[in-house]
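**Student:** Return a 3D structure for these sequence lines:
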Amino acid sequence: YLDSRPNERVRAYVRGRLSHNFSITEGEEPLWGNERKTTSVLLDQLWLKFDIAQAVYVTFGKQPIRWGSSRFWNPTDFVNSQTRDPLAFVDQRQGVGILKLHYPIESLGWNFYLIFNADGAGELDDIGTAARAEILLGTTEISLSAADKKGGPEQFGLDISTGIWLVDFRLEIAGQKRPSETFFAPS
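**Tutor:** Numbering: from 1, shown residues only. Next comes the predicted model:
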């Protein structure tokens, strides 16, 4: 990785990923039809961060983002095109090409995000938008999320996490309008 901070208010970051699987032999037949490679090199992250008047924080580029409070099931994780493997020790998904605006209200512990998602966009009209509000009330965090992308469904989500004694309780609910797949068609 490469991490550069030319001053207090600007930061640039690059991280790649190199993996080699010693259990695969070159020329081996694919298992279940999936291509198997011994070595892979990926650009995991490439972003630039800066602020506007130390009030709005901007991150531009390929960056990891994860919405939702659960580990095994994240229906409110609208920005990622891939779902997280819940059994993987580390989240193996690559970053997403986005412009993220973050407006925190530190005195209340609240955060507001606006995201422009350019992943897979060929034209300006194809850029998706997403918004999220994280509101802290005592020891409970309530998050409201929404996302929309041309040709895709409008998505809405709510996740709540709270601690009662030594136990954390989490709830995530998501819905969508204008689904991209038809599940039932009358004959």
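
**Student:** From here on, just use CA atoms for contacts and neighbour counts.
**Tutor:** Fine.

**Student:** give me the low-pLDDT residue ranges for the chain?
**Tutor:** 26-36, 71, 178-187 (pLDDT under 70).

**Student:** could you point out the longest strand in it?
**Tutor:** Counting residues, the longest strand in the chain under DSSP state E turns out to be strand 39-52.

**Student:** same for that one, what does it pack against?
**Tutor:** Applying 3 or more CA pairs under 8 Å, 6 or more residues apart in numbering; DSSP states H and E, one finds that strand 39-52 makes contact with strand 10-20, strand 56-63.

**Student:** chain center to the helix or strand following the shortest one: distance?
**Tutor:** Reading on from strand 56-63 to the C-terminus, the next helix or strand found by DSSP states H and E is strand 96-105. Chain-centre distance of strand 96-105: 11 Å, with CA atoms, centre = their mean, to the nearest Å.

**Student:** Downstream of strand 96-105, the next helix or strand is which one?
**Tutor:** Trace forward from strand 96-105 with DSSP H and E and the next one is strand 110-117.

**Student:** Show me what that next one is packed up against.
**Tutor:** Using 3+ CA pairs under 8 Å, 6+ apart, strand 110-117 sits against strand 96-105, strand 128-137.

**Student:** still on that earlier bit, in its sheet, what does the longest strand of the chain sit against?
**Tutor:** According to DSSP bridges, strand 39-52 forms sheet pairs with strand 10-20 (antiparallel), strand 56-63 (antiparallel).

**Student:** quick one: contacts of it?
**Tutor:** If you take CA atoms under 8 Å, 6 or more residues apart in numbering as the criterion, strand 39-52 is touched by 9-21, 57-64, 94-95.

**Student:** 7 Å instead?
**Tutor:** 9-21, 57-63, 94-95 (CA atoms under 7 Å, 6 or more residues apart in numbering).

**Student:** Of those residues, just the buried ones, ChimeraX syntax please.
**Tutor:** Filtering these down to the buried ones (16 or more other CA atoms under 10 Å) takes a single ChimeraX command:
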select :11,12,13,14,15,57,58,59,60,61,62,63,94,95
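
**Student:** which residues sit in contact with the residue most central in space within the chain?
**Tutor:** Nearest to the mean C-alpha position of the chain, counting by CA atoms, centre = their mean, stands I65 at 2.9 Å. Counting by CA under 7 Å, 6+ apart, I65 touches G95.

**Student:** quick revisit: what comes up buried for the longest strand of the chain?
**Tutor:** Quick answer for strand 39-52 (16+ other CA under 10 Å): 44-51.

**Student:** what's the answer for stretch 165-180, then?
**Tutor:** 170, 172, 174.

**Student:** Export that stretch to CSV, keeping only CA atoms.
**Tutor:** The C-alpha coordinates for stretch 165-180 follow below in CSV (Å, rounded to 0.1, in the frame of the first residue of the first chain):
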residue,chain,number,x,y,z
TRP,A,165,-26.2,-5.4,29.3
LEU,A,166,-23.5,-7.5,27.7
VAL,A,167,-25.5,-8.4,24.5
ASP,A,168,-25.7,-6.5,21.2
PHE,A,169,-29.0,-6.6,19.4
ARG,A,170,-29.1,-5.8,15.6
LEU,A,171,-32.0,-5.5,13.2
GLU,A,172,-31.8,-4.8,9.4
ILE,A,173,-34.8,-4.3,7.2
ALA,A,174,-34.7,-3.4,3.5
GLY,A,175,-37.3,-2.9,0.8
GLN,A,176,-37.3,-2.0,-2.8
LYS,A,177,-39.6,-0.4,-5.3
ARG,A,178,-39.4,-1.2,-9.1
PRO,A,179,-37.6,-4.6,-8.7
SER,A,180,-35.3,-5.5,-11.6
